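**Q** Give me a model of this one.
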Amino acid sequence: MPMLDDRRGTKRKLATEPSNSPASQEPGSSAVEAEVQALIQGITAACERSVEKIDRSGLRKQTHQLADYCKSDDLVEMIVGQGAVAAVVPLLTVGEKADAALQQSFSEIRKEACFILGLLAVKPDFQRKIAEADALPGLVKLLEAHNINSPARSTNPAERGGGSGGVARRAADAITNLAHENIDIKNKVRSEKGIAPLVRLLSSMDLKVQRAAAGALRTLAFKNEDNKSQIVECGALPLLIQMLRAEDPGVHYEAVGVIGNLVHSSTEIKQQVLQEGALQPVINLLGSSCPESQREAALLLGQFATQQPDDDGPDYKSRIVQRGAVPPLIKMLASPDNQLKEMAAFALGRLAQNTHNQAGIVQCGGLPQLLDLLESKHYNLQHNAAFALYGLSDNEDNVPCIIQAGGLQRMTDCADRLQVQASKDCVHKTIGRIRQKLEREDKRVLNHVIYSLRSSDRAMQQAVAVSLAQLAPTSELKLIFVDKGGLEVLLDLVTDKHLTTKRLIEGAAALLELAKKVNATSPVEAQPQQPQKSVYLGEEYVNSKTLADICFLVEGRPFYAHRIALLASSEAFRAMFNQVGSQ
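**A** Model (predicted):
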């Protein structure tokens, strides 16, 4: 299977505004601690007064200054320890019962309160502390108060009251950070009826509010089946699919992220998403100017590819390709962004489980890019590329292309250097699959590859000859390397002084492999003549007159021997004695 990191809920980066805080914010500064303590005490005292007696301008200034301090991660623990949570949570509902004339004056205070709580939610303990202070009911009320028909920058003061876009956006952001990787708070948001208001905000005229609401839903849906179900039940899917077509990259990025988390591990929701018409908008996002949207879209298409259609039409792998997904995915393989390449390879690997898609991916230029990723230093890239190549090798028309591109040598070279055992196994299976295609009885694939030896491209010729030396059936070796000139190609390869050492080694290894196969399979035409056995009569008969029947003069000295021993031990003596006898 292709490899990918688990989806994660996103912790929202809160947009910051120009700061007027004191210059020194050192964590150990007693002056900073005193200032923070004074601000918290001032906020607490203000909340204890009646609405009419609150110095709204002063309170806003205090909350703004405290928010500036909260932007420093090094100060957050000290700020929480000083009692900031208990002081700030009441600000979410401060003035909610005041008359309409006063409502607007509390809007900025509530917005700053949401902002502070989002900044403080950096640890599970702090998230729990904020939730236990009953922040969620106040945040949900602020979501509900937003007028979704109000434009982002309304000129009507009545529309810039407690339900302004800024407040709703900050409230949604706070929920995102509170629920980040915290299952208890995700459940608590649902129990506090916070999901429906977030879904409603997807229709807001304010794009920033849409984006913030989608970000919160994305986090709430991550690995939480109950939240997923409620988000869908509240009618989020049509709104999210509309957002996929948004011009604002931030909007369609959050929308595709929510959909991705909703369909993850849920076949039923995935089918609903496809029925609502998400397929083409997601494919279109592959061409987005936002790399994050491209990445999420590629990941989502990989998930769509496994879905079985509920009609009689083609499977979703075919539909995705027919709608134009392959070219942009292949283009993404060449991106400098490793995560983008990883998701593109993941999607192509899933699409390559369809026979017709396999040929299309290669013909669109995907093969060289995937071979490059196989040699990457990143194990996720390696594995996704290996899985995709395994799928491509299943198509008979792709096997010659893989061999002509030198793919077999590249896979063989890197197979044992891959970082994950599953990737190694996948590459070895791919090589085995190519071997099986070449050994088929109909020889269709083999003949296509052999025909490539006629190419005027020397590099292609050499890649083909090296591959055939490794994988061709032994019964075809004479045809390939003698009749079709494969041996000459290999000899030219190993004697070419202009090639790299690596290429020369490949050629030498191919010749060695070919020699081994020939030696192992060559028929034996005749048994070699067995050496004659020698006859040794014993030391006492060497150069002894006893029973000797022949004498040699060696440098004037006699040397006694026995004809029977010489005849049995030497063809030369046998011939000599026969000649003497005949004379």
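
**Q** What are the boundaries of the strands in the chain?
**A** Ranges of strands within the chain are 550-554, 557-561, based on DSSP state E.

**Q** Counting neighbours, what do you get for Ser105?
**A** Close neighbours of Ser105, defined as other Cβ atoms under 10 Å, add up to 18. The way it works is simple: take the backbone N, C-alpha and C, and place the C-beta from them, glycine included.

**Q** can you pull the pLDDT of the closest residue in space to it that isn't next to it in sequence?
**A** Counting by Cβ to Cβ, 6 or more residues apart in numbering, Ser105 lies nearest to Arg56, which is 4.6 Å off, once chain neighbours are set aside. Model confidence at Arg56, given as pLDDT, is 88.

**Q** coming back round to it: which of the strands of the chain has the highest mean neighbour count?
**A** strand 557-561 (a mean of 13; mean count of other Cβ atoms under 10 Å).

**Q** Each with direction, which strands does it pair with?
**A** strand 550-554 (antiparallel) (DSSP bridges).

**Q** In contact with the closest residue to Gln230 other than its chain neighbours, which residues?
**A** By the measure of Cβ to Cβ, 6+ apart, the closest residue to Gln230 outside its immediate chain neighbours is Ile195, 5.0 Å from it. By Cβ atoms under 8 Å, 6 or more residues apart in numbering, the contact list for Ile195 reads Val189, Leu217, Leu220, Asn227, Gln230, Ile231, Cys234.

**Q** and if you look at Ala133?
**A** Neighbouring residues of Ala133 by Cβ under 8 Å, 6+ apart: Val85, Ala86, Val89.

**Q** now those residues in a markdown table, with neighbour count, distance to Ala31 and pLDDT?
**A** Shown next, in a markdown table, are these (neighbours: other Cβ atoms under 10 Å; distance: Cβ to Cβ, whole Å; pLDDT from 0 to 100):
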| residue | neighbour count | distance to Ala31 | pLDDT |
| --- | --- | --- | --- |
| Val85 | 22 | 23 | 97 |
| Ala86 | 16 | 23 | 96 |
| Val89 | 24 | 26 | 97 |
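
**Q** Among the residues you listed, which ones are in helices?
**A** Among the contacts of Ala133, DSSP state H puts Val85, Ala86 in helices.

**Q** Dump the contacts of Ala133 into TSV; add distance to Leu392 as well.
**A** Output for those, formatted as TSV (distance: Cβ to Cβ, whole Å):
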residue	distance to Leu392
Val85	56
Ala86	61
Val89	57
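
**Q** Can you get me a residue count around His498?
**A** So His498, with other Cβ under 10 Å, has 5 neighbours.

**Q** what number of residues lie near the residue lying closest to Ala121 once chain neighbours are set aside?
**A** Using Cβ to Cβ, 6+ apart and skipping residues adjacent in sequence, the residue nearest Ala121 is Asn177, 4.1 Å away. By other Cβ under 10 Å, 26 other residues sit near Asn177.

**Q** Lys545 and Tyr560 touch, don't they?
**A** Yes. Applying Cβ atoms under 8 Å as the test, Lys545 and Tyr560 come out as touching, 5.4 Å apart.

**Q** Nearest spatial neighbour of the residue nearest in space to the middle of the chain, chain-adjacent residues omitted?
**A** With distances taken as Cα atoms, centre = their mean, the residue of the chain nearest its centroid is Glu342 (3.2 Å). Computed as Cβ to Cβ, 6+ apart, the closest residue to Glu342 that is not its neighbour in sequence is Asn380, at 5.0 Å.

**Q** Can you tell me how far that neighbour is from Leu373?
**A** Separation of Asn380 from Leu373 (Cβ to Cβ, to the nearest Å): 10 Å.

**Q** Same question for Gly407.
**A** Taken as Cβ to Cβ, the span from Gly407 to Leu373 is 12 Å.
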